[in-house]
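Colleague: build the 3D model from these lines:
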Amino acid sequence: MANFDADLIRALQDDGRTSIHDLAAAVGQPRAAVSSRLRALRADGIVRVVAAVDPAFLGQHVLAHVAVRTDGTTEAVAAHLRDLDETVFVSATGGWHDLVTEIRVGTMPALHGLLARIRSLPGVADISTLIYSTVIKGLFVSEYRGGIRIDTTDTALIELLQTDGRASFRELGEAVRLSPSAVATRVDRLISGGVIKISAVEARGLTQRQLALGVGLNLAGDDDAVIQAIRSWRGVDFAARSLGRFDLILTLVEPSASALYASLERIRALSGVRHSESWFHLAVLKEDYARTLRPADLTAASAATSTATGPAASVGGEPDRDGDRDRTRLSR
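Modeller: Numbers count the residues shown, from 1 in each chain. As a prediction, the model looks like this:
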């Protein structure tokens with residue numbers, strides 16, 4: 001069952017809207033078994049399938065990893081971090097630092113201002129910040145490159161998909177008063193244009209079925225060889241080049257401590273790795289990529305797109321196509 005679940009979740013992380021038929025083919029299990037197990041995983045809160053808007057589309061061009069050391073208990077500081085709109089991830093950790101958080105803001109001055117606020121929180125002893133220069137591997141970074149504008153209907157679809165990334169086109173169409181095929185066209189454009197990515201978020205931590213380990217690497221020699229190696233490794237959940245005390249930062253996810261140790265040793269054995277540090281994610285306190293798209297956000301995104309790429313293509317500008325098919329998986 002463990003391998004079945006792992007294979008199923010991995011397939012959903014690649015494409016959260018993959019059909020049951022294709023999921024069954026990917027994991028080598030009957031369709032009825034895949035459908036039943038997926039319902040159980042979602043009902044138990046082990047897996048969420050959701051959409052996330054690409055940070056670049058939202059104008060969030062600065063992504064940072066902030067490690068926090070506290071005086072005493074972490075609960076009050078963690079609560080403050082969870083309440084910040086700029087944080088998408090907060091975790092209690094075992095290691096030199098007590099908490100880590102990922103933050104997303106628009107500019108370096110905004111980052112400096114936010115870091116000052118975090119330092120001033122009661123109970124914060126000190127912080128250490130890494131800025132992501134390039135995200136190498138991540139579930140919710142779609143590599144948006146501009147050229148897309150969205151309208152209010154697209155906005156409504158995105159917000160629905162942020163709640164349930166596997167909602168059928170028929171359900172979405174009823175909510176926005178469009179035919180299923182018209183909705184499929186819009187969603188397909190949002191995904192192929194890099195505006196959103198739909199993927200699976202798995203519960204992690206010592207009380208969950210998957211364990212997570214953060215790793216910071218200092219490199220010597222050929223960075224590209226290390227990056228190419230870790231990009232394809234199944235246990236690497238996230239990887240980014242970073243500016244700060246580490247050259248690369250990773251998150252390893254495995255079903256057991258022994259598997260985590262094996263993955264870490266495999267990374268340490270790479271010829272381009274000079275030094276590594278690691279920390280356990282004891283409990284993930286926040287992992288929320290949903291964002292409300294306000295009119296100001298849409299205007300700013302459109303303006304940035306127009307400046308960078310010239311006239312933008314409207315996601316909602318295509319004629320609506322009538323049809324009866326309610327496709328779960330996008331045509332690509």
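
Colleague: C-alpha only now, for contacts and for neighbours.
Modeller: Will do.

Colleague: check which element follows the strand or helix carrying residue 110 along the chain.
Modeller: Using DSSP states H and E, residue 110 maps to helix 108-119. Next in sequence after helix 108-119, counting helices and strands by DSSP H and E, comes strand 124-137.

Colleague: all strands of the stretch 1-150 of the chain, in order?
Modeller: Under the criterion DSSP state E, counting those that start in this stretch, the stretch 1-150 of the chain contains strands at 47-53, 62-70, 87-94, 99-105, 124-137, 148-149.

Colleague: do the stretch 201-332 of the chain as well
Modeller: Ranges of strands within the stretch 201-332 of the chain are 211-219, 236-243, 248-254, 273-287, 313-314, based on DSSP E, counting those that start in this stretch.

Colleague: residue 83: which of those strands is closest?
Modeller: Residue 83 lies closest to strand 273-287 among these, at 9.4 Å (C-alpha to C-alpha).

Colleague: contacts for the closest one next, please.
Modeller: 78, 82, 88-96, 203-207, 211-220, 226, 267-268 (C-alpha atoms under 8 Å, 6 or more residues apart in numbering).

Colleague: list the buried residues of it.
Modeller: 273, 276, 278-287 (16 or more other C-alpha atoms under 10 Å).

Colleague: repeat that for stretch 125-144.
Modeller: 127, 129-133, 135-144.

Colleague: got the contact list for residue 241?
Modeller: 132-136, 247-249.

Colleague: what is the nearest of the residues you listed to residue 50?
Modeller: Here the nearest of the contacts of residue 241 to residue 50, counting by C-alpha to C-alpha, is residue 135; it sits at 19.7 Å.

Colleague: beta-bridge partners for the closest one, please?
Modeller: Note on residue 135: beta-bridge partners by DSSP bridges are residue 240.

Colleague: and it, what's its pLDDT?
Modeller: Residue 135 carries a pLDDT score of 90 in this model.

Colleague: distance of it from residue 60?
Modeller: Going from residue 135 to residue 60 by C-alpha to C-alpha, to the nearest Å gives 13 Å.

Colleague: over to residue 116?
Modeller: Look at residue 116 and residue 60: by C-alpha to C-alpha, they are 19 Å apart.

Colleague: these two: which has the busier surroundings?
Modeller: For the pair residue 116 and residue 60, the greater number of neighbours falls to residue 60 (15 against 12), based on other C-alpha atoms under 10 Å.

Colleague: what about the residue nearest to that one when sequence neighbours are not counted, neighbour count?
Modeller: Closest residue in space to residue 60, ignoring its immediate chain neighbours: residue 106 at 4.2 Å, by C-alpha to C-alpha, 6 or more residues apart in numbering. Per other C-alpha under 10 Å, the neighbour tally for residue 106 reads 16.

Colleague: now do the one 4 residues further on
Modeller: Burial of residue 110 is recorded as 13 neighbouring residues (other C-alpha under 10 Å).

Colleague: what does the pLDDT read for it?
Modeller: Predicted confidence (pLDDT) for residue 110: 97.

Colleague: likewise for residue 161?
Modeller: Taking residue 161 on its own, its pLDDT is 96.

Colleague: that one and residue 50 touch, don't they?
Modeller: Yes. Applying C-alpha atoms under 8 Å as the test, residue 161 and residue 50 come out as touching, 6.1 Å apart.

Colleague: how far does stretch 11-25 sit from the chain's center?
Modeller: Put simply, stretch 11-25 sits 17 Å off its chain's centre (C-alpha atoms, centre = their mean, to the nearest Å).

Colleague: swap in stretch 87-94?
Modeller: Centre-to-centre, stretch 87-94 and its host chain are 14 Å apart (C-alpha atoms, centre = their mean).

Colleague: in JSON lines: the strands of the stretch 201-332 of the chain, plus mean pLDDT and distance to residue 19.
Modeller: Shown next, in JSON lines, are these (pLDDT from 0 to 100; distance: least, C-alpha to C-alpha, whole Å):
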{"stretch": "strand 211-219", "mean pLDDT": "95", "distance to residue 19": "28"}
{"stretch": "strand 236-243", "mean pLDDT": "93", "distance to residue 19": "23"}
{"stretch": "strand 248-254", "mean pLDDT": "94", "distance to residue 19": "25"}
{"stretch": "strand 273-287", "mean pLDDT": "94", "distance to residue 19": "25"}
{"stretch": "strand 313-314", "mean pLDDT": "50", "distance to residue 19": "27"}
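
Colleague: quick one: the strands of the stretch 1-150 of the chain as a markdown table, columns for distance to residue 17 too.
Modeller: A markdown table is the format used below for the strands of the stretch 1-150 of the chain (distance: least, C-alpha to C-alpha, whole Å):
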| stretch | distance to residue 17 |
| --- | --- |
| strand 47-53 | 8 |
| strand 62-70 | 27 |
| strand 87-94 | 22 |
| strand 99-105 | 26 |
| strand 124-137 | 19 |
| strand 148-149 | 22 |
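
Colleague: least reliable of those going by mean pLDDT?
Modeller: strand 148-149 has the lowest average pLDDT among these, namely a mean of 88.

Colleague: could you report the neighbour count for residue 117?
Modeller: Neighbours of residue 117 (other C-alpha under 10 Å): 10.

Colleague: any low-confidence regions in the protein?
Modeller: Within the chain, the stretches with pLDDT under 70 are 1-2, 140-142, 204-208, 294-332.
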